[in-house]
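1. starting from these lines, generate the structure:
(one chain, ligands or ions: 1)
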Amino acid sequence: MDINEWRIRIDELNDELMSLLNKRATYAAEIGKIKKQKGLPVFDEGREQSVLNLVAEKAAKAGGPLSPESFQNIFRVIMEETRKVEE
Ligand SMILES: C=C(O[C@@H]1C=C(C(=O)O)C=C[C@H]1O)C(=O)O
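-> Numbering: from 1, shown residues only. Take a look at the predicted model:
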């Protein structure tokens with residue numbers, strides 16, 4: 001395959017990733033409503049740490065090419081942006 005064909009595949013995956021991230025954010029928005037009702041803060045450090053631990057564990061098992069650290073970096077940003085949806 002040439003570069004353009006690979007890029008078309010990447011664009012398709014980007015669409016899927018965006019759709020999944022929006023779905024994830026929709027669930028987080030529901031969690032945000034419950035937190036508001038209960039007077040809980042949006043940011044839950046313990047939960048975020050456990051997401052990061054789980055992600056690293058699964059990434060290590062998957063064996064790459066993205067490293068556990070890379071996945072943790074990606075999920076840190078995802079969670080930071082997700083919190084904005086909950087505000
Ligand atoms: C979605 C939640 O709210 C925040 C966002 C999280 C996430 O995107 O996974 C995790 C913890 C919270 O800081 C949650 O509490 O589960």
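
2. next, residue 34: secondary structure please.
-> helix (DSSP: H, G, I helix; E, B strand; the rest coil).

3. again with residue 65
-> Going by three-state DSSP: residue 65 is coil.

4. okay, now it: neighbour count?
-> 6 (other C-beta atoms under 10 Å). All C-beta spots, glycine's among them, are computed from the backbone N, C-alpha and C.

5. equivalent analysis for residue 23, please.
-> 10.

6. next one: it relative to the ligand, how far apart?
-> To the ligand, residue 23 is 12 Å away according to C-beta to the nearest ligand atom, to the nearest Å.

7. what pLDDT, on average, does the strand or helix carrying that residue get?
-> Residue 23 is part of helix 3-38 when elements are defined by DSSP states H and E. The pLDDT scores in helix 3-38 average 98.

8. was I right about residue 55 contacting residue 72?
-> Yes: between residue 55 and residue 72 there is a contact under C-beta atoms under 8 Å: 6.0 Å.

9. and those two? which has more neighbours close in?
-> Using other C-beta under 10 Å as the criterion, residue 55 and residue 72 rank with residue 55 on top: 18 against 15.

10. got the angle for the strand or helix carrying that one vs helix 3-38?
-> Secondary structure from DSSP H and E places residue 55 in helix 45-62. Orientation of helix 45-62 against helix 3-38 (axes from the mean of the first three to the mean of the last three C-alpha atoms, to 10 degrees) gives an angle of 150 degrees.

11. in the next helix-or-strand element following helix 45-62, what counts as buried?
-> As assigned by DSSP H and E, the chain's next helix or strand after helix 45-62 is helix 68-86. Buried residues in helix 68-86, counted by 16 or more other C-beta atoms under 10 Å: 68, 71, 75, 78-79, 82-83, 85-86.

12. ok, now stretch 26-38?
-> Buried residues in stretch 26-38 (16+ other C-beta under 10 Å): 28, 31-32, 35.

13. report pLDDT for residue 87.
-> 89.
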